[in-house]
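S.K.: Quick one: sequence plus predicted model below, questions after.
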Amino acid sequence: MGTKGARAEREPAERLPVARVCVDVPLPHLDRPFDYLVAAEDDEAAQPGVRVKVRFAGQQVSGFLLERAEASGHQGRLAYLERVVSAERVLDPEIVRLARAVAQRYAGSLTDVLRLAVPPRHARVEAQAVPVVETPESGGDPPPAPGGWDAYPAGPPYLRALEEGRAARAVWSALPGEQWPARIAEAAAATVRGGRGVVIVVADARDLDRVDRALEAVLGAGRHVALNAALGPAERYRRFLAASRHRVPVVVGTRAAVWAPVARLGLVVIWDDGDDVHAEPRTPYPHAREVLLTRAQLADCAALVGGFARTGEAQLLLETGWAREIAADRVVLRRRSPGMAPTGDDPQLARDPGAVSARLPSLCWQTARQALQAGAPVLVQVPRRGYLPSVACAECRTPARCPHCAGPLGLSGARDVPVCHWCGRASAAYSCPACGAQRLRASVTGARRTAEELGRAFPGVPVRTSGRDEILTTVPAEAAVVVATPGAEPVAEGGYGAVLLLDTWALLSRSDLRAAEETMRRWLNASALARPAPEGGRVIVVADGSLAPVQALLRWDPGWFAARELAERRELGFPPAARMASVTGQPEAVADLLALARLPEETEILGPVPVDERDGAGPAQERMLLRVGRGRAAALAHALHEAAGVRSAKKAALSVRIQVDPADLF
DNA sequence: TCAATCCGTATC
DNA sequence: ATACGGATTGAC
């Protein structure tokens, strides 16, 4: 006698015989629960949150059991659950509510969101009784000293609020040089002392390692798990289960960790929310910060949005009063900040273009030399390769250099005029200093080439690179030149003696909505690794000192910059001041969807703009942008989802992609 | 008049 | 996808 007796033999469970199931079918018009009967023999296992198999439209599909009910509103006859896949309740009711809210916000289906929220099952791991919780190896950051939050007037009261279980919500501007992983661990520990759980989201594996170690140091062993996107399916599921089974009160991880179930959630944390890896690339493309804030709202728990930089979205949280600011006083800030200076025009260079010092603006060169002589490492932030190829003389192949700052020249987009990758100045009438030729050709100068040149500029000093292929985590406190691309800067023990920011092209040559914010973020994140000025730390930015982001950097005032940015976006009607959505696909499909969509009043329709075809294959696609005020954001998402549902119900052949808050705007 | 087939629609 | 119902068609 097996568990799957013939259909006729099955009896419905006595209590709550109806199961509401979210079936794993991505069609938007089927985005609602379907009711099934629970067989008496499945009664015990068929609890809310388990995976089930059901017959749906003649097919076996998997799904999640959302809830049990006494009766169904369905008119026709109910089918039985085919089977309960396992009694493991992987879907917490809190996560279902969150997933629903996120699906609504992003015009997506619950099914799509649940795919992001619950990792694939691994039966063998599930069978093992007690999940193994890894212990991180020590190294890197010093153990946290108590009182780190004392540097911020609002810090100690905030920790008290966490310990008392209050729903304290804060935007935290970290001081330069801050041991932020330790601060986050302390906030987590305060919450845990109050008997509540914590979810922490960071951008990448390096940040995750640092927080992992800080949590270990503050909480002790086995009190948290780290969910790394790079883990294999078995280990990923093992750690998910450790959280789901409430074996640990704290979960830290990259963006998917925002969905981790924990018992009695008390605090959610996101670090560096401006990093674009927080945007989920799979449909419906939710952003980890938005998921996290929604979660805090629904769970009525505390939230901490921290970083050296501040996004427009974080600024909006402050300006609407949703969150309070945690920032240091100017006096403390001045004591902790490195000395900051811009450098632009440099008459020295023109006089001596062939000399070693011509490889860098002379202020950079002098600052770096001083730091190296003092035995300190120097960080050089350079542009990532591949965005803008640099150029060389078409005749003699001498790299074309900026007459002002000696940075590499590049040709951006359709313009013929070469522009400096470092300081952004255009060089209209360029002629090669070596041969006098005026024609240029594309070449590639990346971090490695820059490193070689710097190696020649500082003979006898080791040069190390950290970039996409090979990322250094830390460097020792000794004289070395460290060339890194944005986001790959190693942490220096004791801090860098000098930080040189040569990555200014992003600010000056990109039309992207977030170009200035992103540049600011990169500069602050690198500058935060410098020693404080009293210990000799200096930051030199190769850019025009009158530009607003440069001003904000020199004063270390991310709040001022974010407020300015947000005000500008309000004026222009850009997110987050307004809500935008994009509809992408073949022109007929896009037109069809928009014709069906019952868009809210005063929806602005912008476009279409052609989309660059990936690989050149496939028919041409276009993109339309829709814009509404924040008050109509929900109505816009609903209208788009509904229209997508109508299209999928009538089996429209051509698909369209709907993105609310698209990551790439202009 | 009845069965075979087509089309649209729901999917529990 | 598949399956079901109702409409449509065509042969007797």
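M.R.: Perfect, I can see it now.
S.K.: contacting residues around the closest residue to A:V118 other than its chain neighbours?
M.R.: Leaving aside its sequence neighbours, A:V118 sits nearest to A:V90 (Cβ to Cβ, 6 or more residues apart in numbering; 5.3 Å). Every C-beta, even on glycine, is put in place using the N, C-alpha and C of the backbone. By Cβ atoms under 8 Å, 6 or more residues apart in numbering, the contact list for A:V90 reads A:49-51, A:64, A:118, A:121, A:240, A:244.
S.K.: repeat that for 10 Å
M.R.: A:49-51, A:64, A:114, A:117-119, A:121, A:126, A:237, A:240-241, A:244-245, A:261 (Cβ atoms under 10 Å, 6 or more residues apart in numbering).
S.K.: quick one: it from A:R245, how far?
M.R.: 10 Å (Cβ to Cβ, to the nearest Å).
S.K.: hey, what's in contact with both of those two?
M.R.: A:P261.
S.K.: Name the residues of stretch A:618-633 that come out as buried.
M.R.: Using 16 or more other Cβ atoms under 10 Å as the test for burial, stretch A:618-633 gives A:621-629, A:632-633.
S.K.: which among those gets closest to DNA strand C?
M.R.: In terms of Cβ to the nearest atom of the strand, no member of the buried residues of stretch A:618-633 lies closer to DNA strand C than A:Q621, at 22.5 Å.
S.K.: Quickly note the distance from A:E493 to A:R531.
M.R.: A:E493 is 11 Å from A:R531, by Cβ to Cβ.
S.K.: quick one, which of these two is more surrounded?
M.R.: A:R531 (26 against 15; other Cβ atoms under 10 Å).
S.K.: So A:A516 belongs to a strand, correct?
M.R.: No - assigned with DSSP: H, G, I helix; E, B strand; the rest coil, A:A516 falls outside any strand and is helix.
S.K.: Wait, it touches A:A548, no?
M.R.: Yes - A:A516 is within contact range of A:A548, at 7.5 Å (criterion: Cβ atoms under 10 Å).
S.K.: what residues are shared contacts of A:E493 and A:R531?
M.R.: Contacts common to A:E493 and A:R531, judged by Cβ under 10 Å, 6+ apart, are A:A477.
S.K.: Let me know how buried the residue lying closest to A:Q128 once chain neighbours are set aside is, in neighbour terms.
M.R.: Here the nearest residue to A:Q128 in space, its sequence neighbours aside, is A:R238; by Cβ to Cβ, 6+ apart that works out to 7.6 Å. A:R238 has 22 neighbouring residues, counting by other Cβ under 10 Å.
S.K.: next SSE after the helix or strand harbouring A:R238?
M.R.: Per DSSP states H and E, A:R238 falls inside helix A:233-244. Later in the chain than helix A:233-244, the nearest helix or strand by DSSP H and E is strand A:250-253.
S.K.: Following the chain onward from that following strand, which element is next?
M.R.: Assigned by DSSP H and E, the successor of strand A:250-253 is strand A:265-271.
S.K.: tell me the angle whichever helix or strand comes after that following strand makes with strand A:265-271.
M.R.: Reading on from strand A:265-271 to the C-terminus, the next helix or strand found by DSSP H and E is helix A:288-299. Comparing the axes of helix A:288-299 and strand A:265-271 via axes from the mean of the first three to the mean of the last three Cα atoms, to 10 degrees yields an angle of 160 degrees.
S.K.: mean confidence for helix A:288-299?
M.R.: The average pLDDT for helix A:288-299 rounds to 98.
S.K.: before we move on, what about stretch A:637-656?
M.R.: Rounded mean pLDDT across stretch A:637-656 is 90.
S.K.: Likewise for stretch A:191-206?
M.R.: pLDDT averaged over stretch A:191-206 gives 97.
S.K.: Surely A:G536 and A:V378 touch.
M.R.: No - checked against Cβ under 10 Å, the pair A:G536 and A:V378 is beyond contact range at 11.6 Å.
S.K.: Which residues are in contact with each of these two?
M.R.: A:370-371, A:497-498, A:530.
S.K.: Show me what the helix ranked longest in chain A is packed against.
M.R.: Ordering each helix of chain A by length in residues (DSSP state H) puts helix A:633-649 first. Contacts defined by 3 or more Cβ pairs under 10 Å, 6 or more residues apart in numbering; DSSP states H and E place helix A:633-649 against helix A:93-105, strand A:578-585, helix A:587-596, strand A:621-629, strand A:656-660.
S.K.: Helix or strand for A:Y36, just tell me which one.
M.R.: Going by DSSP H and E, A:Y36 is part of strand A:34-37.
S.K.: How far off centre is that strand?
M.R.: Centre-to-centre, strand A:34-37 and its host chain are 38 Å apart (Cα atoms, centre = their mean, to the nearest Å).
S.K.: Helix or strand next in line after it, which one?
M.R.: strand A:51-56.
S.K.: buried set for the helix or strand following that next one?
M.R.: For strand A:51-56, the following helix or strand on the C-terminal side (DSSP H and E) is strand A:59-69. By 16+ other Cβ under 10 Å, the buried positions in strand A:59-69 come out as A:61-66, A:68.
S.K.: Excluding chain neighbours, what is closest to A:E70?
M.R.: A:L16 is the one closest to A:E70 (Cβ to Cβ, 6+ apart), at 5.9 Å.
S.K.: Not counting sequence-adjacent ones, nearest residue to A:N525?
M.R.: For A:N525, the spatially nearest residue (Cβ to Cβ, 6+ apart) is A:F308, at 5.5 Å.
S.K.: Tell me how far the one you found lies from A:P176.
M.R.: From A:F308 to A:P176 the distance is 7 Å (Cβ to Cβ).
S.K.: who's more crowded, those two?
M.R.: A:F308 (26 against 23).
S.K.: Local confidence estimate at the residue nearest to A:V118?
M.R.: Value for A:V90, per-residue pLDDT: 97.
S.K.: do the same with A:S443
M.R.: 65.
S.K.: Just the closest residue of the stretch 201-350 of chain A to DNA strand B, please.
M.R.: A:T283 (18.5 Å).
S.K.: tell me the contacts of that residue?
M.R.: Neighbours of A:T283 in contact, by Cβ under 10 Å, 6+ apart: A:26, A:106-109, A:112-113, A:115-116, A:657-659.
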